[in-house]
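**Q** Sequence and predicted structure, then a few things I'm wondering about:
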Amino acid sequence: MTSTYVGIDAGHENRWEAEKIALELHDTVLTTARTVAVHEVDGHYAMSFLVPVAPSDAVVTSLVEQGFGVSVRGASSGRLAGPEALRVGASTAAEAHQYRREGRALRFQGQRSLRGRHGVSDILAFTAIEAVLPRGTHSVDTRGNLTPLFQDGKLVLVVD
């Protein structure tokens, strides 16, 4: 299965605002995204989406018309659109997601099944989360919302 990484940047200085917009875009425009993340890029926050199929030209045009910089990174092609300064941030976010270097995952595969307390082995088996820190943690109370991080090529849940 091929994957496409879409980076979107509007220059949000507030992480929570970027997260809110990322979730709105997931609910309305990029509904097929398997993973939605927010990344710190040069002192502001940009968003990224892992989608099974590249967004159409109409979707990219609509995002640009809303003031976003857009980067689409596929297996064999790439595209940048929108204001130049925002294209750079969008590209950085898409690349960070693609290589799992940095970012907070707001939506990920298996997330909906995580309500209440779960064993770490179940979290690792049934979700996109690949590691739970600190090591030795046996169970996690999800409190209805987990935001794992991309670290060292993996999606990692850090438990307080």
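**A** Yes, it's here. Numbering: from 1, shown residues only.
**Q** Only C-alpha atoms from now on, for both contacts and neighbour counts.
**A** Fine.
**Q** how far away is the residue most central in space within the chain from Arg100?
**A** To find the centre residue of the chain, average its C-alpha atoms and take the closest one (C-alpha atoms, centre = their mean): that gives Ala37, at 2.0 Å. Spatial separation of Ala37 from Arg100 under the definition C-alpha to C-alpha, to the nearest Å is 10 Å.
**Q** host element of Val59?
**A** Using DSSP states H and E, Val59 sits within helix 57-65.
**Q** what's in contact with that helix?
**A** Applying C-alpha atoms under 8 Å, 6 or more residues apart in numbering, the set of residues contacting helix 57-65 from outside is Val29, Gly69, Val70, Ala81, Gly82, Pro83.
**Q** mind checking the SS state of Val156?
**A** Secondary structure assignment for Val156 (DSSP: H, G, I helix; E, B strand; the rest coil): strand.
**Q** Does it touch Val132 like I think?
**A** Yes - at 5.7 Å, Val156 counts as touching Val132 under the criterion of C-alpha atoms under 8 Å.
**Q** re the thing from before, which residues touch the residue nearest to the centre of the chain?
**A** By C-alpha under 8 Å, 6+ apart, Ala37 lies in contact with Glu19, Ala22, Met47, Ser48, Phe49, His97, Gly103, Arg104, Ala105, Leu106, Arg107.
**Q** From these, which land in helices?
**A** Restricting the contacts of Ala37 to those inside helices, with DSSP state H as the criterion, leaves Glu19, Ala22, His97.
**Q** okay, those in CSV with pLDDT, neighbour count and distance to Gly136 next?
**A** Below are the ones in helices among the contacts of Ala37 laid out as CSV (pLDDT from 0 to 100; neighbours: other C-alpha atoms under 10 Å; distance: C-alpha to C-alpha, whole Å):
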residue, pLDDT, neighbour count, distance to Gly136
Glu19, 97, 22, 30
Ala22, 98, 23, 33
His97, 97, 29, 27
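**Q** Could you let me know which of the residues you listed ends up closest to Val6?
**A** Distance from Val6 was checked for each of the ones in helices among the contacts of Ala37 by C-alpha to C-alpha. The minimum falls on His97, at 9.0 Å.
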